[in-house]
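J.: okay, predicted coordinates and the sequence, questions at the end:
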Amino acid sequence: MNKVEHPGKKRVGVLISGTGSNMKMLAQAGQEDDYPAEVCLVISDKRDVKGLQTAQDMGIKALAIPKKDYASKADHESAILAALDEANLDYVCLAGFMRILSGDFIKKWSGKLINIHPSLLPLFPGLHTHDRAIEAGCKVHGCSVHFVTEGMDEGPIIAQAVVPVLPGDDADSLAGRVLKTEHILYPQVLKQLASGHVRMTEDEKAEFSEDLIGEDKPDQSRYLIS
Ligand code: GRF
């Protein structure tokens, strides 16, 4: 059974493809009384993934909408969009969602759609980011939360977290270190967004409220150094 939802909180949908550990952190944050958003819907493009079970166990509506059930990418996206509309959401978070969304989809959610990516963008868009960071000899690596725009992993960056690349790291050890910071950063950014402290401007820039009032100390939720 779905949990009782809280009027007054922004309604958030999360798209996943697998484990859903970032989704879980967003959902847990949403259960705090003073957090301005709550996860009301989780959609996976794969059946039987751990993230769907996690959402269900937390009393969150969880849907599998697999691509193979639809004749085309457009039909698949229409099904996802219909489910998002029906849930009456304010924001959508991509969290390990392994599909490239079409321009039409992105336009419909412009400014309300964010993603977490496991690299310090604009470095290493796309896949295998941890291998690529090690291969490139990077001494630091991390993750980025950004508004989603049409270019893959190119939208305006809202916040980033930085971790060291240690001697002897392989992709798994580095991924684990980055994932720990993803779990801190993503709920911080959703809080900023849902409370109106950051928005995407028409020319696709991330604009922070403290910049508008000339605050000289940027909010620390824009970066996390561990
Ligand atoms: C995370 O590293 C995320 O940044 C990337 O895929 C991974 C998903 O992990 N896009 P989870 O499903 O949130 O556990």
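T.: Perfect, I can see it now.

J.: switch to C-alpha atoms for all contacts and neighbour counts from now on
T.: Fine.

J.: quick one: the strands in this structure?
T.: Assigned by DSSP state E, the chain shows strands spanning 10-16, 37-44, 61-64, 91-94, 113-117, 140-147, 157-164, 198-200, 206-208, 223-225.

J.: I'd like those as a markdown table, with mean pLDDT and mean neighbour count appended.
T.: Compiled in a markdown table, those are given as follows (pLDDT from 0 to 100; neighbours: other C-alpha atoms under 10 Å):
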| stretch | mean pLDDT | mean neighbour count |
| --- | --- | --- |
| strand 10-16 | 98 | 26 |
| strand 37-44 | 98 | 27 |
| strand 61-64 | 98 | 20 |
| strand 91-94 | 98 | 24 |
| strand 113-117 | 98 | 24 |
| strand 140-147 | 98 | 24 |
| strand 157-164 | 97 | 22 |
| strand 198-200 | 97 | 21 |
| strand 206-208 | 94 | 18 |
| strand 223-225 | 87 | 15 |
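
J.: ok, which of the ones you listed comes nearest the ligand?
T.: Judged by C-alpha to the nearest ligand atom, the one of the strands of the chain that comes nearest to the ligand is strand 113-117, at 4.3 Å.

J.: which residues does that closest one contact?
T.: 91-96, 106, 125, 143-148, 153, 182, 186 (C-alpha atoms under 8 Å, 6 or more residues apart in numbering).

J.: quick one: closest of the strands of the chain to Ala171.
T.: strand 140-147 (11.4 Å; C-alpha to C-alpha).

J.: remind me, longest helix of this structure?
T.: helix 171-194 (DSSP state H).

J.: what's that one packed up against?
T.: For helix 171-194, the packing partners by 3 or more C-alpha pairs under 8 Å, 6 or more residues apart in numbering; DSSP states H and E come out as helix 21-30, strand 37-44, helix 129-135, strand 140-147, strand 157-164.

J.: quick check, the shortest one touching the ligand?
T.: Same thing as helix 129-135. No - figure legend: helix 129-135 not in contact with the ligand (C-alpha under 6 Å from any ligand atom); closest approach 9.3 Å.
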